[in-house]
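J.: following is a predicted model, sequence given first.
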Amino acid sequence: MEGRCMGGGCIYPSCWVAAVHYLRKKGTTKRRLAYIDIDAHRPDGIWKEVERLQSTRSNQIAACDGVLFASIHVDGYPNPGNGEWTSAKCLLPKGPRKAFEVRVNEELLKGVNEGGTAQNSEVLAAYGRWKDELLQDLEKFSPNALFIGLGFDLHKAEERIMDKREGIGLIARDYREILHGLAVVGDTSGPVVLTLEGGYTRRAIIDGMSGALAGLVALSRARRLRAAEAESRRRVISARSKGKAAGPRSPIKAARPPSPARHKAIASWTVARRLSLLSRSSAHRTCGSAERLKGRARDGTARKEPAKKRPRVTPGG
C-alpha cells in the first residue's frame, strides 16, 4: 500500500511500545500523546499502528483522545520499492467514524544523499520550519505525554548511512534546543519518554548525546518551574474563592481597639519605661563625670578656673 510499506529499519521503535503501554494504563482521564521521531528514517510501523488504532474501537484505545505524529527524515528508505518516495505526502484517512483525533507533522529532506545537491543551510532551514510548526502544533494539541525517538544518524558527522552524506545534518545545539522547547507544551506531570535510535559514527553519537543531555536537563528544570508556577496560581485562586464564599474580607485583619483597662496599663508601662530610660541616662552621665574627676586627681592636674574678665576702663569714665 502506498505510504504504508514495511521496508525500513525503523519499523517499530521501542519508544512506541512505551506509548502503547501508556494508552493501556487504566484511568478515567482521556489521554493525548505526541510521538516525535527525529531520525534519518521514517518509522513506517508506527504509521501503520496509528492507522490501525484509529479505526479500531477496543479497550486499548478507550482512553485515547488524540495522537500527534511528527517525523523528519531523509529521502531514502523506507520507500514503496519503486524508487519514489510518497509516504510524506500520504495522510491517514479521515472520516466521521474515526476513533480519535490524529495530527500529522512531517518534513522530507530531499537531495541529501551521496549524489544530492542540497546544501546544509537548506537542510537546517527545513528543519527549523518543521521544529517551529511542531512546537506551535504541540501547544494547541496539549498532549498529556511526550514520546521521542531520537536518532543521531541525522547528525552532521554521520558518515555510515548511504542515504545521507557527511556534512549534512544537525549538531548538538539543534538537539538541545528542540528538547528544551518541549518544556512549554503539554501536561507538566505527564511522562516524557526518550529512546535512542539510529547513529553509527562515534563523533556524531558523542556530540549528539551531549546536546540531548543538555536539552533534557533544561526540559526538566523548565517543567518544574512551570509546575511550581501553576501550583502558586492554583493556591491564589483557591484562596480568593474561599474569601468570596465567606464574604468580602480585608487582606489585612484590622486590630481591635484596646479596652480601657488595657489602655491604662499600656500607658502606665510606657511612662515607667521612659522614666527608667531617663534615670539610666542620668546615672550614666554622672558616673562618667565622676570617673573623669578621679582621673584628673590621680594625674595631679587641677581644673583651671576660667580667667575673670577685667572691667574695661575708658578715659574720662
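T.: All right, it came through fine.

J.: longest single strand anywhere in this structure?
T.: strand 64-74 (DSSP state E).

J.: can you list the strands that that one pairs with?
T.: Using DSSP bridges, strand 64-74 pairs in its sheet with strand 31-38 (parallel), strand 101-109 (parallel).

J.: dump the ones you listed to TSV, plus mean pLDDT.
T.: Compiled in TSV, the strands paired with strand 64-74 are given as follows (pLDDT from 0 to 100):
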stretch	mean pLDDT
strand 31-38	90
strand 101-109	83
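
J.: which one of those lies nearest to residue 20?
T.: strand 31-38 (9.5 Å; Cβ to Cβ). For glycine as for every other residue, the C-beta is placed from the backbone atoms N, C-alpha and C.

J.: which regions of the chain lie under the pLDDT threshold?
T.: 1-12, 26-28, 47, 51-62, 77-99, 243-264, 266-267, 280-317 (pLDDT under 70).

J.: if we can go back for a sec, just the strands paired with strand 64-74: most buried one?
T.: Among these, strand 31-38 has the highest mean neighbour count (mean count of other Cβ atoms under 10 Å), at a mean of 25.

J.: can I get it as CSV, trimmed to CA atoms?
T.: Presented in CSV, the C-alpha positions along strand 31-38 are these (Å, rounded to 0.1, in the frame of the first residue of the first chain):
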residue,chain,number,x,y,z
ARG,A,31,-5.0,10.7,27.1
ARG,A,32,-3.5,12.7,24.3
LEU,A,33,0.0,11.6,23.3
ALA,A,34,2.6,13.0,20.9
TYR,A,35,5.2,10.9,19.2
ILE,A,36,8.1,12.8,17.8
ASP,A,37,10.7,11.0,15.6
ILE,A,38,14.0,12.8,14.9
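
J.: which residues touch it?
T.: Identification of contacts with strand 31-38 by Cβ atoms under 8 Å, 6 or more residues apart in numbering yields 10, 13, 15-16, 19, 22-23, 43, 46, 63-73, 134, 138, 141-151, 154, 175, 178, 186, 197.

J.: now list the buried members of these.
T.: Taking 16 or more other Cβ atoms under 10 Å as the criterion, what is buried in those is 10, 13, 15-16, 19, 22-23, 43, 46, 63-64, 66-73, 134, 138, 141, 143-151, 154, 175, 178, 186, 197.

J.: hmm, back to that, residue 229 is nearest to which of the strands paired with strand 64-74?
T.: The nearest among the strands paired with strand 64-74, by Cβ to Cβ, is strand 31-38 at 21.8 Å.

J.: quick one: which of the contacts of strand 31-38 sit in helices?
T.: Using DSSP state H, the members of these that fall within helices are 15, 16, 19, 22, 23, 46, 134, 138, 141, 175, 178.

J.: reformat the strands paired with strand 64-74 as a markdown table; add distance to residue 279.
T.: Output for the strands paired with strand 64-74, formatted as a markdown table (distance: least, Cβ to Cβ, whole Å):
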| stretch | distance to residue 279 |
| --- | --- |
| strand 31-38 | 78 |
| strand 101-109 | 84 |
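
J.: and of the ones you listed, who's closest to residue 219?
T.: Between the strands paired with strand 64-74, strand 31-38 lies closest to residue 219; by Cβ to Cβ that is 12.6 Å.

J.: hey, what's the angle from that closest one to helix 14-24? Just curious.
T.: With axes from the mean of the first three to the mean of the last three Cα atoms, to 10 degrees defining the directions, strand 31-38 sits at 180 degrees from helix 14-24.

J.: tell me which other helices or strands the longest helix seen in the chain touches.
T.: Counting residues, the longest helix in the chain under DSSP H turns out to be helix 202-245. Helix 202-245 sits against helix 172-181, strand 192-196, with contacts defined as 3 or more Cβ pairs under 8 Å, 6 or more residues apart in numbering; DSSP states H and E.

J.: nothing else from me, thank you.
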